[in-house]
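1. got a structure for you, letters missing:
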């Protein structure tokens with residue numbers, strides 16, 4: 001994959017329109033945080049299947065030159081105050097789609113907090129591009145056009161009218177205009193982002209949700225928080241790999257990376273390399289599915305999971321051929337998400353992920369606001385009494401894993417991806433290739449990806465590699481071909497010699513922009 005070099009800042013993501021919105025902020029004198037927030041808001045307009053300002057959560061890692069260190073941000077959704085641990089027992093489908101699946105959306109609060117603390121521009125300024133895209137529209141792309149077909153088939157009439165108030169559904173290539181959403185963004189630009197959480201806007205959302213049997217309340221809009229914390233980190237060779245704390249997905253990513261570093265080195269891309277990676281990931285996923293949840297509700301043994309002892313134990317199990325014991329543990333939910341990175345000439349770097357959950361979230365949209373709501377409740381373990389079971393105010397365990405890599409204390413790489421559960425494994429693979437194999441983001445993108453989350457077959461994005469693995473490890477070795485895993489990888493490396501930004505997107509160089 002082609003890496004693109006810039007001197008004064010870069011933005012990389014899945015969509016060329018969005019990367020240009022972020023790059024325009026850099027051209028106007030904004031920093032990487034300003035550009036990242038502008039791009040994230042633009043994604044909420046251009047990628048409504050993957051994220052929106054009604055999405056259920058996000059996470060970021062940010063390095064600021066002024067502070068000389070990295071900080072992690074979690075802006076995760078919380079279970080409604082009226083939720084109960086057994087509310088979806090026997091009715092699992094209601095957790096994925098519909099009015100019980102929604103949470104008070106934390107996206108605006110998280111992006112606004114990030115901007116206020118580390119940005120240089122106002123919310124009104126950075127949201128201008130998103131409002132323009134909503135008001136003026138953009139060409140409907142094939143994935144979005146196909147997604148509308150599912151939405152029209154499954155959503156209720158109020159939700160359909162909320163997105164298509166004139167009854168016209170754009171076909172591929174036709175402009176998709178979102179006047180109601182544009183007006184909502186314009187109102188937030190004028191009144192400030194907190195207007196999303198008090199007064200008329202939450203009242204409108206709650207009224208629509210309650211009309212259809214949902215339990216969301218205006219009081220729920222006071223619950224989501226933007227939490228700035230020390231990032232989790234592990235050493236990988238000469239580098240330090242950082243990512244947000246639980247309930248984000250990165251603790252499992254770092255556990256896999258630690259285990260890989262404890263295993264014998266072998267040629268990256270070889271059948272043995274992928275076997276070691278897959279089996280290490282299986283053991284980390286057992287820990288993930290049995291131990292992880294909101295740290296404010298359950299004791300998450302982060303130090304133990306990221307310890308040298310745990311890495312050595314996993315490595316010993318893999319070398320001995322011991323299978324990971326998943327028992328009854330099952331990974332909840334897959335999904336659609338966006339990831340973007342931004343870096344500026346001053347040395348500020350942002351790695352940011354945000355999500356709806358499943359495609360078009362809950363399939364619930366709010367009339368008059370043009371707002372699709374995410375389906376965050378689907379990310380809980382629907383069985384009571386477990387680490388990630390439902391409780392009022394509880395944050396859901398999610399898979400988002402923005403990664404920041406430093407070298408000798410200085411930012412070296414920001415990278416990440418969407419892809420639901422696949423994020424956890426692919427982020428670990430990317431981190432290993434960048435830190436131990438000295439690859440650029442573009443070079444790492446070109447290697448096959450692998451994913452496993454249980455005792456079933458692992459998935460690998462190379463038919464040739466799958467054949468080689470079965471030839472070497474036996475035809476019964478549980479691995480199968482998948483056309484794609486983890487969707488669009490986006491990343492940027494800071495050249496330590498020049499300070500230039502070397503950026504890449506697996507959607508191609510046109511999805512990278514800079515100055």
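-> Looks like it arrived, so ask away. Model, not experiment: these values are computed from the prediction. Residues are numbered from 1 along each chain as shown.

2. ok, which stretches of the stretch 301-450 of the chain are helices?
-> Along the stretch 301-450 of the chain, counting by DSSP state H, counting those that start in this stretch, helices occupy 302-305, 308-320, 422-436, 441-446.

3. Turn these into CSV, including mean pLDDT.
-> Below are the helices of the stretch 301-450 of the chain laid out as CSV (pLDDT from 0 to 100):
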stretch, mean pLDDT
helix 302-305, 97
helix 308-320, 96
helix 422-436, 95
helix 441-446, 94
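
4. Which one, of those helices, ends up nearest to residue 147?
-> Proximity to residue 147 (C-beta to C-beta) singles out helix 422-436 among the helices of the stretch 301-450 of the chain, at 19.0 Å. All C-beta spots, glycine's among them, are computed from the backbone N, C-alpha and C.

5. highest average neighbour count across the helices of the stretch 301-450 of the chain?
-> helix 422-436 (a mean of 26; mean count of other C-beta atoms under 10 Å).

6. That helix: how far from the chain's middle?
-> Offset of helix 422-436 from its chain centre (C-alpha atoms, centre = their mean, to the nearest Å): 14 Å.

7. Confirm residue 203 sits in a strand?
-> No. Under DSSP: H, G, I helix; E, B strand; the rest coil, residue 203 sits outside any strand and is assigned helix.

8. In contact with it: list those residues for me.
-> Counting by C-beta atoms under 8 Å, 6 or more residues apart in numbering, residue 203 touches residue 218.

9. Distance-wise, check it relative to residue 445.
-> Noted for residue 203: a distance of 45 Å to residue 445, by C-beta to C-beta, to the nearest Å.

10. among the helices of the stretch 301-450 of the chain, which is nearest residue 235?
-> Of all those, helix 422-436 comes closest under C-beta to C-beta, at 8.9 Å.

11. helices or strands up against that closest one?
-> strand 232-236, strand 239-243, helix 250-262, helix 271-291, strand 403-407, strand 410-416, helix 441-446, strand 450-451 (3 or more C-beta pairs under 8 Å, 6 or more residues apart in numbering; DSSP states H and E).

12. can you list the ones you listed in a markdown table and add distance to residue 89?
-> Output for these, formatted as a markdown table (distance: least, C-beta to C-beta, whole Å):
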| stretch | distance to residue 89 |
| --- | --- |
| strand 232-236 | 33 |
| strand 239-243 | 33 |
| helix 250-262 | 26 |
| helix 271-291 | 18 |
| strand 403-407 | 36 |
| strand 410-416 | 34 |
| helix 441-446 | 41 |
| strand 450-451 | 28 |
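
13. so which of these comes closest to residue 189?
-> Here strand 410-416 is closest among the helices and strands packed on helix 422-436 (C-beta to C-beta), at 27.2 Å.

14. circling back to that earlier point, can I get the helices of the stretch 301-450 of the chain in CSV including distance to residue 399?
-> Output for these, formatted as CSV (distance: least, C-beta to C-beta, whole Å):
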stretch, distance to residue 399
helix 302-305, 16
helix 308-320, 20
helix 422-436, 5
helix 441-446, 19
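
15. right, so of the helices and strands packed on helix 422-436, which gets closest to residue 105?
-> Each of those has some distance to residue 105 by C-beta to C-beta; the shortest is strand 410-416, at 20.9 Å.

16. Name the residues of that closest one that are buried.
-> By neighbour count on 16 or more other C-beta atoms under 10 Å, the buried set for strand 410-416 is 411-416.

17. So what are the sheet partners of that strand and their directions?
-> Looking at strand 410-416 with DSSP bridges, its partner strands are strand 403-407 (antiparallel), strand 490-494 (antiparallel).

18. Please enumerate residues in contact with that strand?
-> Residues outside strand 410-416 that contact it (C-beta under 8 Å, 6+ apart) are 61, 63, 70, 239, 339, 341-343, 347, 349-353, 401-406, 423, 427, 430-431, 434, 441, 444, 489-494, 496.

19. Quick one, which of the residues you listed are buried?
-> 61, 63, 70, 239, 339, 341-343, 347, 349-353, 401-406, 423, 427, 430-431, 434, 441, 444, 489-494.

20. picking up where we left off before, how about the helices and strands packed on helix 422-436, which one is nearest residue 24?
-> Closest of those to residue 24 is strand 410-416, at 19.4 Å (criterion: C-beta to C-beta).

21. and the residue nearest to residue 272 when sequence neighbours are not counted, how many neighbours?
-> Distances taken as C-beta to C-beta, 6 or more residues apart in numbering put residue 266 closest to residue 272, at 4.8 Å, once the chain neighbours are dropped. A count of nearby residues for residue 266, using other C-beta atoms under 10 Å, gives 13.

22. Might you report the residue contacts of residue 266?
-> So residue 266 contacts 272-273, 276 (C-beta under 8 Å, 6+ apart).

23. In the stretch 151-300 of the chain, where is pLDDT below threshold?
-> For the stretch 151-300 of the chain, no stretch is flagged by pLDDT under 70.

24. Please tell me I have it right and residue 388 contacts residue 399.
-> No. Using C-beta atoms under 8 Å, residue 388 makes no contact with residue 399, being 11.9 Å away.

25. These two: who's more crowded?
-> Remark: of residue 388 and residue 399, residue 399 carries more neighbours, 31 against 26, as counted by other C-beta under 10 Å.
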